[in-house]
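Participant: What follows is a predicted structure for the sequence shown.
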Amino acid sequence: MLTSIKSNQFQYESKKLAMNYFRVAIVLFGAQLLMGLIAATQFLYPSFLFEVFDFSVARMVHINALVVWMLYAMIGSVYLLLPDESGIETVGIKLGKLAFWVLTAAVTVVVLVYIFIQVGPGTESTIWLINEGREYIEAPRWADIGIVVVVLIFYYNVFATYMKGNKTGILTVLVADLFALAGLYLCGMFFTDNISMDQYWWWWVIHLWVEATWEVFVGSLAAYGLIRILGAKRQIVEMWLWIEVLMLFGSGILGLGHHYFWIGTPEYWWEIGALFSALEPVPLVAMFVHVLYDWGKEQGHAEAGQAGHAVKNSPAMAWIAINAFGNFLGAGIWGFFHTLPQVNIYTHGTQFTAAHGHLAFFGAYATILVGMMYLGIQGAYGIRKMTMTFNTKMAIFLLVFGVLGMTVSLTIAGYEQVLVERADLGGGWDAYFIAQNLPWYIQAQGWRLTMGLVTFVGFIFLLVDLLTIGRVEHAEESESAQTAAA
Amino acid sequence: MSGKKVSVWTSITFWRRSAAWVTGTATVLLMWLTFDTMGQIAMGSDADLENGVAKRIPAATVINYHIDYKMDEKRGHEVPVIGEKQLFFGKEWSAEEAAELLRHGKLTQQAKNCMNCHTLLGNGAYYAPDLTKAWLDPKWNDGTMTGITGKDTVEEAMAEFLMHPSQFPTHERMMPDLGITKDEAIALVAFLKHMSAIDTNGFPRNFSQSAKRLEGGTHAH
């Protein structure tokens, strides 16, 4: 991936810019995992880095790196697919490149401030300069404003390209979706002394991103991926995409209600949240069926000898297939089982949430974004048919196994917490620590750390693979071409 | 297509229009519900408190009152109960003073990044106890923390703990010293007391059970 600057066969500047976004994304992915390991260690050994690099700091960088690497990879994915879909070079690409460097400089400063300054006095200046102390969107206000400017540039580029080039169904969905995604960020940028009001709007950013606009975004990427990798028929793919948009927005927008059970909001959110969040897994089943159906169909054609080998990029296809499973399992199943208020009153704010969060972010988003990186590398090296290397397989196995392992461990920890801390003891300070001290809980946290290490090893394989697969496969392909010519 | 009849289920136009209508309807419903909720979660006034009018989010002056969390048979879960007047740090705070204090407390809560260890209203990280009803926690009210910090009242004990958390180790997993000043500590305690008076629809459930169950000594520490 690194050398793709020198040896790239891209015809569009937009795709080169996409690779830049992917490079930063993968670095931040690594940072996310390292911070996760520190935080997981502190659960077992609380004195580890105490008052030097506290849990709050490790955890903040862990979740912020997650959000930012995903946004980077999302922007990269859009710049990658834009010329293919629109048929033209991205409008305003020079501005886009400038925005990339501005954003990257800003992200670097924010991370350094998080790590070295950490907290400030209880005044407005801290919120402007250090951090906002609001989970997931801690970025200080100066950075908020900068992010809005950069996103506006990005959105202008996408919109102008859409208006000028081909208006495919995939692009139409993307243009609408990105507008909502960008606009929602504004809901998290003000200060109020009313914590209920604060949390109400905070969820507009977090939920409407993760459970609505990001999901639709993933649907668009899967649609694009299936067309590129399998040569799936555009009409069928785009019809599925509209069905998914219908179901994802139809359930996800009012599914917001399941976060409004206990923050001071009225009781009618119980019913609304229960109903619509129960519907949220439905579109994930649809996406699951869609991906596997297209894959099977094209494979069938290939085996019948109609179109050669169906899969043009097997690493990317594997990650898209894992996405279909992971999204359904992590977001669908793990999300649903603690979403009803009758259950959520006991599970809210326990390790159940962490279990769901880990599998959902990985299954629904990380997987498909990694798949997009492989598509980018294939284009950069002009590889006709990309196959898996040993590293690809190891990365897939270890990352999937590691994240599943963490999810199961955290589910067990959450189960114990719900029974002891919440159901029996009522959730006070003593109840909390009694539950945290029981052997079941500690063992579960031990397994979480172990599985976190497995995940990290998987990441190393992924990193090595992304850096080398393009060069290796390109060499193999030209070698076999020479043999064929001779 | 020359007017040929095609099944509506395979029509892209049909699904695109359906997607637009469903999304639009859901968005309009969400906005309508948001307007209603905004009214219900706006902070009450000092007059509401004087007249015993219950608001989901009471005025900042709720810090001048005794707060409890009791089972409400009609609603089927525990609710905050605002009682008699009670001095807070030895005085009664005016509406302006209380509002200013709450604002400072909320700012400090964010500046010190509390949510990345604790949960507030159940949201945040899971490394330290939930703070939603922390003001009412038996640990502060049964003499434990007032004893450890050597203070007479809950608010003084809390402020002392917040200023020097690692001097009062309550558990192996300690709270770090975040450089919280006296003023910030008082403001944070006001923020916590105010939060404990928010009507959270019964969360955390059975909160008052904690003290009762532990008194019996049935659970090994």
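Facilitator: Sure, I can see it. Given the structure is predicted, the values throughout are model-derived calculations rather than measurements.

Participant: Off-centre distance for stretch A:443-450?
Facilitator: Stretch A:443-450 sits 23 Å away from the centroid of its parent chain (C-alpha atoms, centre = their mean, to the nearest Å).

Participant: Can I get that stretch as PDB, trimmed to CA atoms?
Facilitator: Provided in PDB are the C-alpha atoms of stretch A:443-450 (Å, rounded to 0.1, in the frame of the first residue of the first chain):
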ATOM      1  CA  GLN A 443     -11.700 -14.300  34.300                       C
ATOM      2  CA  ALA A 444     -13.800 -12.800  31.600                       C
ATOM      3  CA  GLN A 445     -11.700  -9.700  31.600                       C
ATOM      4  CA  GLY A 446      -8.600 -11.900  31.400                       C
ATOM      5  CA  TRP A 447     -10.000 -13.600  28.300                       C
ATOM      6  CA  ARG A 448     -10.900 -10.200  26.900                       C
ATOM      7  CA  LEU A 449      -7.200  -9.100  27.200                       C
ATOM      8  CA  THR A 450      -6.000 -12.400  25.700                       C
END
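
Participant: For chain B, which residues score under the pLDDT cut-off?
Facilitator: Scanning chain B for pLDDT under 70 picks out the ranges B:1-5, B:210-211, B:213-221.

Participant: Remind me what the lengthiest helix in it packs against, helices and strands.
Facilitator: In chain B, with assignment by DSSP state H, the single longest helix is helix B:12-41. Judged by 3 or more C-beta pairs under 8 Å, 6 or more residues apart in numbering or on different chains; DSSP states H and E, the packing partners of helix B:12-41 are helix A:195-207, helix A:234-255, helix A:268-279. Heads up, the C-betas are built off the backbone N, CA and C, glycines and all.

Participant: quick one: buried residues of that helix?
Facilitator: Neighbour-count burial for helix B:12-41 flags B:12, B:14-16, B:18-19, B:22-23, B:26, B:30, B:33, B:37, B:41 (criterion: 16 or more other C-beta atoms under 10 Å in any protein chain shown).

Participant: Of the helices and strands packed on helix B:12-41, which stretch is the most buried?
Facilitator: A comparison of the helices and strands packed on helix B:12-41 by mean neighbour count, using mean count of other C-beta atoms under 10 Å in any protein chain shown, puts helix A:234-255 on top with a mean of 23.

Participant: part of a helix, is residue B:66?
Facilitator: No. Using DSSP: H, G, I helix; E, B strand; the rest coil, the assignment for residue B:66 is strand, not a helix.

Participant: Please name the residues that touch it.
Facilitator: For residue B:66, the contact set (C-beta atoms under 8 Å, 6 or more residues apart in numbering or on different chains) comprises B:82, B:83, B:84, B:85, B:86.

Participant: What is the subsequent helix or strand relative to the helix or strand hosting the third one?
Facilitator: Using DSSP states H and E, residue B:84 sits within strand B:77-85. Where DSSP H and E defines the elements, the next helix or strand beyond strand B:77-85 is helix B:95-111.

Participant: burial of residue 185, as a residue count?
Facilitator: Looking at chain A here, since you left the chain open. 18 (other C-beta atoms under 10 Å in any protein chain shown).

Participant: um, chain B though
Facilitator: Per other C-beta under 10 Å, the neighbour tally for residue B:185 reads 22.

Participant: same thing with residue A:119?
Facilitator: So residue A:119, with other C-beta under 10 Å, has 23 neighbours.

Participant: list the contacts for the closest residue to it other than its chain neighbours?
Facilitator: Nearest residue to residue A:119, sequence neighbours excluded (C-beta to C-beta, 6 or more residues apart in numbering or on different chains): residue B:112, at 5.1 Å. Contacts for residue B:112 were tallied using C-beta under 8 Å, 6+ apart; they are A:119, A:122, A:133, B:178, B:180, B:184.

Participant: for residue A:146, same thing?
Facilitator: A:102, A:103, A:106.

Participant: where does residue B:158 land in three-state SS?
Facilitator: Going by three-state DSSP: residue B:158 is helix.

Participant: Give the full set of residues in contact with the closest residue to it other than its chain neighbours.
Facilitator: Closest residue to residue B:158 apart from its sequence neighbours, by C-beta to C-beta, 6+ apart: residue B:189 at 4.6 Å. Residue B:189 makes contacts with B:89, B:105, B:135, B:155, B:158, B:159, B:162, as judged by C-beta under 8 Å, 6+ apart.

Participant: The fourth one: how many residues sit nearby?
Facilitator: Pointing back at residue B:155 there. By other C-beta under 10 Å, 23 other residues sit near residue B:155.

Participant: do the same with the one 10 residues further on
Facilitator: Number of residues near residue B:165 (other C-beta under 10 Å) recorded here: 17.

Participant: That one is in contact with residue B:174, isn't it?
Facilitator: Yes. Taking C-beta atoms under 8 Å as the definition, residue B:165 is a contact partner of residue B:174 at 6.7 Å.

Participant: what helix or strand does residue 147 sit in?
Facilitator: Picking chain A for this. In this structure, residue A:147 sits in helix A:141-164 according to DSSP H and E.

Participant: ah, I was thinking of chain B
Facilitator: Residue-wise, residue B:147 maps onto helix B:144-149 under DSSP H and E.

Participant: Buried residues, that helix. List them.
Facilitator: By 16+ other C-beta under 10 Å, the buried positions in helix B:144-149 come out as B:144, B:145, B:146, B:148, B:149.

Participant: what do you get for stretch A:392-409?
Facilitator: Buried, per 16+ other C-beta under 10 Å, within stretch A:392-409: A:392, A:394-396, A:398-400, A:402-409.

Participant: Longest helix of chain A, counting residues only.
Facilitator: Per DSSP H, chain A has its longest helix at helix A:439-485.

Participant: packing partners for that one?
Facilitator: With contacts taken as 3+ C-beta pairs under 8 Å, 6+ apart, helix A:439-485 sits against helix A:13-44, helix A:367-381, helix A:390-417.

Participant: Tell me which of these lies nearest to residue B:200.
Facilitator: The closest of the helices and strands packed on helix A:439-485 to residue B:200 is helix A:390-417. By C-beta to C-beta, the value is 18.7 Å.

Participant: now that closest one against helix A:13-44, angle please.
Facilitator: Angle, helix A:390-417 to helix A:13-44, by axes from the mean of the first three to the mean of the last three C-alpha atoms, to 10 degrees: 40 degrees.

Participant: Now do the helix or strand just after helix A:390-417 against helix A:439-485, angle only.
Facilitator: Counting by DSSP H and E, the next helix or strand C-terminal to helix A:390-417 is helix A:429-437. Counting by the same axes, to 10 degrees, helix A:429-437 lies at 50 degrees to helix A:439-485.

Participant: So which bits of helix A:429-437 are buried?
Facilitator: Buried residues in helix A:429-437, counting neighbours by 16+ other C-beta under 10 Å, are found at A:429, A:430, A:431, A:432, A:433, A:434, A:435, A:436.

Participant: ok, and the helix or strand in chain A with the lowest average confidence?
Facilitator: Scoring the helices and strands of chain A by mean pLDDT, DSSP states H and E places helix A:281-303 at the bottom, with a mean of 87.

Participant: and the angle from that one to helix A:367-381?
Facilitator: Using the same axes, to 10 degrees: helix A:281-303 against helix A:367-381 is 40 degrees.

Participant: Backbone dihedrals for the residue nearest to residue A:119, please?
Facilitator: Backbone geometry at residue B:112, expressed as degrees, to the nearest 10, gives phi -90, psi 0.

Participant: Among the contacts of residue A:146, which one has the most neighbours?
Facilitator: Highest neighbour count within these: residue A:103, with 24 neighbours (other C-beta under 10 Å).

Participant: Now it: which helix or strand?
Facilitator: Here residue A:103, judged by DSSP H and E, is contained in helix A:93-116.

Participant: low-scoring pLDDT stretches of the stretch 1-150 of chain A, where are they?
Facilitator: In the stretch 1-150 of chain A the weaker segments, taking pLDDT under 70 as the threshold, are A:1-7.
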